[in-house]
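> no letters, just coordinates:
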């Protein structure tokens, strides 16, 4: 099973989701059954580490994002991943616009797994540190829901 998290530049929300989700998979005993990655729609930060504020907020929760590097969504991602999860409506629209015919990946808003099917994970980039904490709270909730969904799928 493969999961891809997508945001705008791949330096705040999606790498945070990747880190949180990896840790929750580890705690759930599913780390060896699910591959996780993240990427961005835009090219601005390719090759860069996550935003220092995202790293600090995640670090306070015991999650190390320092080894992650930003990359862009690629055509191959639609073949490689079973789930492609967008952080907001603009990301979702950009993913759908690039979706090739015959793509079987489930493409959705990430917060749908937190019982918030029409809500977005807000971009904390231009805000203060508290925005990064709020993003992590949302990501943790959605990650729990996604793990429940994957657990059901993997046991079917």
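Perfect, thanks for sending it. What you see is a predicted model, and the numbers here were worked out from it, not measured in a lab.
> contacts for stretch 18-31, please.
Stretch 18-31 is contacted from outside by 3, 5, 34, 36-38, 58, 61-65, 68, 136, 139-140, 143-144, 146-147, 150-151, 154, using CB atoms under 8 Å, 6 or more residues apart in numbering. Quick note: C-beta positions are derived from backbone N, CA and C, even for glycine.
> buried members of these into ChimeraX, please.
To isolate the buried ones among those in ChimeraX, judged by 16 or more other CB atoms under 10 Å, type:
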select :3,5,34,36,37,38,58,63,65,68,136,139,140,143,144,146,147,150
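> how about the strands of the protein, start to end?
For the chain, applying DSSP state E gives strands covering 2-7, 35-40, 83-86, 106-109.
> quick one: low-confidence parts of the protein?
Residues of the chain meeting the criterion pLDDT under 70: none.
> mind naming the longest helix for it?
Looking across the chain with DSSP state H, the single longest helix is helix 129-155.
> which other helices and strands contact that one?
Counting contacts by 3 or more CB pairs under 8 Å, 6 or more residues apart in numbering; DSSP states H and E, helix 129-155 packs against helix 13-28, helix 52-60.
> in the last one, which residues are buried?
Counting neighbours by 16+ other CB under 10 Å, one finds that the buried residues in helix 52-60 are 53, 54, 55, 57, 58.
> quick one: which of those residues is nearest to residue 77?
residue 54 (21.4 Å; CB to CB).
> OK, contacts around the closest one?
Counting by CB under 8 Å, 6+ apart, residue 54 has contacts 11, 12, 13, 15, 16, 65, 124, 132, 135.
> by neighbours, which of those wins?
Within the contacts of residue 54, residue 13 tops the neighbour count with 34 neighbours, counted by other CB atoms under 10 Å.
> check whether that residue really touches residue 134, as I assumed.
No. Assessed by CB atoms under 8 Å, residue 13 is found out of contact with residue 134, at 11.0 Å.
> between the two, which contacts overlap?
Shared contacts of residue 13 and residue 134, counting by CB under 8 Å, 6+ apart, come down to residue 124.
> tell me which of the helices and strands packed on helix 129-155 lies nearest to residue 105.
Across the helices and strands packed on helix 129-155, closest to residue 105 is helix 13-28 (CB to CB), at 15.6 Å.
> now do the closest one against strand 35-40, angle only.
170 degrees (axes from the mean of the first three to the mean of the last three CA atoms, to 10 degrees).
> lovely, talk soon.
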